[in-house]
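In: whatever this is, show me its structure:
(chains A and B)
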Amino acid sequence: MIDQAGQEAAIAAAVAAWPEGVRREEGIDMPVLIVQAPLIRPVCEELKRRGFDMLTDLTAVDWLPMGKVPRFEVVYHLFSTRGMWRVRLKAPVGEEDPVIDSLVPVWPGANWPEREVWDLFGIRFEGHPNLTRIMMPDDWEGFPLRKDYPLEGTERPAPIVRE
Amino acid sequence: MGQIAMDPNRPFFLTKLEKIAHWAQKNSLWPAQFGLACCAIEMMGTAATRFDLSRFGAEVFRASPRQADVMIVAGRVAQKMAPVVRTLYDQMPDPKWVIAMGACASCGGVFNNYAIVQGVDRVVPVDVYVPGCPPSPDALIFGIMKLQEKIAMGKNPGAWEGEVLPLKVEAGGR
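Out: Numbers count the residues shown, from 1 in each chain, chains lettered A, B, ... in the order given. Below you'll find the model as predicted:
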C-alpha cells in the first residue's frame, strides 16, 4: 500500500526548504526533483529524514549530443522501504569542473556507484573516501562513457610484450 | 607415426625421440581450467559426457596453471583481465599452447569498444583460433584436434605467428 500523502509531504518539504535550489517536475514513473549540485547532500539528508531511506541507483548522463548546458547530470533514485515511495533527483554538473558532493556520509552504499561514475564519466565526488577507478584499469586514461570518447581505437599497447 | 608393422622376431621399432615426445604431448593435453564468458559454458559441455573430451585425451582441466599445458581462452578478455591472462600463461610450464575459443577471444567479436582486448593474440601467442559465437563443443573439439596435429608436426610451441604490433591510439575524453 503506497502512502501517497507521505511521499508528497517529503518531496514538498524538500522543495519548500530550498525554493531556489530545488525544482519539481513530473516524471513518467516517479516525481523528479532538479537539485542544484551544491545542495545535493542537504537535500538527500532531508529526504532521508523524511522516509526515503534507501538509495537504489546512482548514475550520470552526458548530454553532449543534445548540447545541453550544463553538460552532465548526476541522477539519484531514492526509495522508501516503509512507504514504498520513489523519487528521482537530477543534479546538473558543469563540464569545466565536474564535481559534486559525495553521498557516502548519507548512504554508505553510494560508495561504489560514485566510483563507477567517476571512472566512466569523470565526475568527482567531493568527500568520497576512496575515489579510484572501479571498472577500468587503474592507469586508464580518459572516461569511456563520455560521448566524445571514441567508440573504438582506444586500445592500449599489449599489456606485456613477449621478450 | 604412421603404420607400424611389428615383426614378432624383432619386438621393437625405431623412431625419433622428438617424434615420440610430440606423440605423447598431443595425446595428453591438460587444459587450464578457467572461463571468461559464455564460451566457457560450451567448454564445460565439451568436457562433459555428451561430447566427452577425454576421447581426445584433453579432459583433465587443471585449476592451477602450473599443471596445465593448454590454455583455452573461452570468452572476451577485458582490458583489466589481460594482464591476468598473461600472468596465467607465464605460469604454465613449457611446452604450452593456446586456443582462442570464439569470436571474442579471436578478434574482440561484437565488442569493438574500449573495454575488450581486440583478440587475445595481443596478449599471448595463439596456436589455434576456433570461430563461433560461441563455438559448439564439436567446434572446440575440432580445434583441439587441429592443435594435436600441430603438436604432432612439431611446430614451435608458443611462437608468435607474426609480428604483433602494439596499437597506440590516443585515448579521448578528458
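
In: under the pLDDT cut-off, which ranges of chain B? List them.
Out: Within chain B, the ranges that satisfy pLDDT under 70 run B:1-5, B:155-174.

In: which residue ranges of it form helices?
Out: Here chain B has its helices, by DSSP state H, at B:17-26, B:39-47, B:82-91, B:102-107, B:137-153.

In: so how far is the shortest one off the chain centroid?
Out: Which is helix B:102-107. Chain-centre distance of helix B:102-107: 12 Å, with Cα atoms, centre = their mean, to the nearest Å.

In: what residues sit buried inside it?
Out: The neighbour-count check on helix B:102-107 (16 or more other Cβ atoms under 10 Å in any protein chain shown) flags B:102-107 as buried. All C-beta spots, glycine's among them, are computed from the backbone N, C-alpha and C.

In: and the two most separated of those?
Out: B:102 and B:107 (9.7 Å; Cβ to Cβ).

In: where do the strands of chain B begin and end?
Out: B:70-74, B:97-101, B:128-130 (DSSP state E).

In: do you know how far residue B:65 is from residue A:76?
Out: Taking Cβ to Cβ, to the nearest Å as the measure, residue B:65 falls 44 Å from residue A:76.

In: ugh, wrong one, residue B:101
Out: Applying Cβ to Cβ to residue B:101 and residue A:76 gives a distance of 41 Å.

In: where does chain A have its least confident helix or strand?
Out: Across the helices and strands of chain A, mean confidence by mean pLDDT, DSSP states H and E is lowest for helix A:4-17: a mean of 80.

In: the next helix or strand after that one: partners in the sheet, and parallel or antiparallel?
Out: Per DSSP states H and E, the first helix or strand lying C-terminal to helix A:4-17 is strand A:22-26. Strand A:22-26 sits in its sheet next to strand A:31-35 (antiparallel), going by DSSP bridges.

In: quick one on the thing from earlier: looking at the strands of chain B, which is closest to chain A?
Out: Closest approach to chain A among the strands of chain B (Cβ to the nearest Cβ): strand B:97-101, 12.0 Å.

In: that closest one vs chain A: in contact?
Out: No: remark: strand B:97-101 sits outside contact range of chain A, by Cβ under 8 Å from any Cβ of the partner chain, the gap being at least 12.0 Å.

In: what strands flank that strand, and is each parallel or antiparallel?
Out: Going by DSSP bridges, the partners of strand B:97-101 are strand B:70-74 (parallel), strand B:128-130 (parallel).

In: tell me the buried residues in the last one?
Out: Same thing as strand B:128-130. B:128-130.

In: and which of the residues you listed is nearest residue B:13?
Out: Closest to residue B:13, out of all of these and judged by Cβ to Cβ, is residue B:128, at 30.1 Å.

In: sorry, back to before: look at residue B:65 and residue A:76 and report which has more neighbours.
Out: residue A:76 (25 against 19; other Cβ atoms under 10 Å in any protein chain shown).

In: tell me the secondary structure for the more buried one?
Out: At residue A:76 the chain is in strand, as set by DSSP: H, G, I helix; E, B strand; the rest coil.

In: helix, strand or coil: sort out the residue lying closest to it once chain neighbours are set aside for me.
Out: Spatial nearest neighbour of residue A:76, excluding adjacent residues (Cβ to Cβ, 6 or more residues apart in numbering or on different chains): residue A:89 at 4.2 Å. Of the three states, residue A:89 takes strand according to three-state DSSP.

In: can you show me the strands along chain A?
Out: Remark: strands assigned in chain A by DSSP E are A:22-26, A:31-35, A:54-62, A:72-79, A:86-93, A:99-101, A:124-126.

In: can I get the ones you listed in CSV including mean pLDDT?
Out: Putting those into CSV (pLDDT from 0 to 100) gives the following:
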stretch, mean pLDDT
strand A:22-26, 87
strand A:31-35, 91
strand A:54-62, 93
strand A:72-79, 93
strand A:86-93, 92
strand A:99-101, 92
strand A:124-126, 92
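
In: what's the burial count for residue B:17?
Out: Count around residue B:17 with other Cβ under 10 Å applied: 7.

In: so what's it up against?
Out: Listed by Cβ atoms under 8 Å, 6 or more residues apart in numbering or on different chains, the contact set of residue B:17 is empty.

In: what separation do you get for it and residue B:24?
Out: 11 Å.

In: same check, this time on residue A:18
Out: Residue A:18 is 77 Å from residue B:24, by Cβ to Cβ.

In: do I have it right that residue B:102 meets residue B:40?
Out: No: between residue B:102 and residue B:40 there is no contact under Cβ atoms under 8 Å: 9.6 Å.

In: next, show the common contact partners of the two.
Out: With contacts defined as Cβ under 8 Å, 6+ apart, the residues adjacent to both residue B:102 and residue B:40 are B:74-75.

In: which one of the helices of chain B is the most hemmed in?
Out: Mean neighbour counts were compared across the helices of chain B using mean count of other Cβ atoms under 10 Å in any protein chain shown; the top stretch is helix B:102-107, at a mean of 25.
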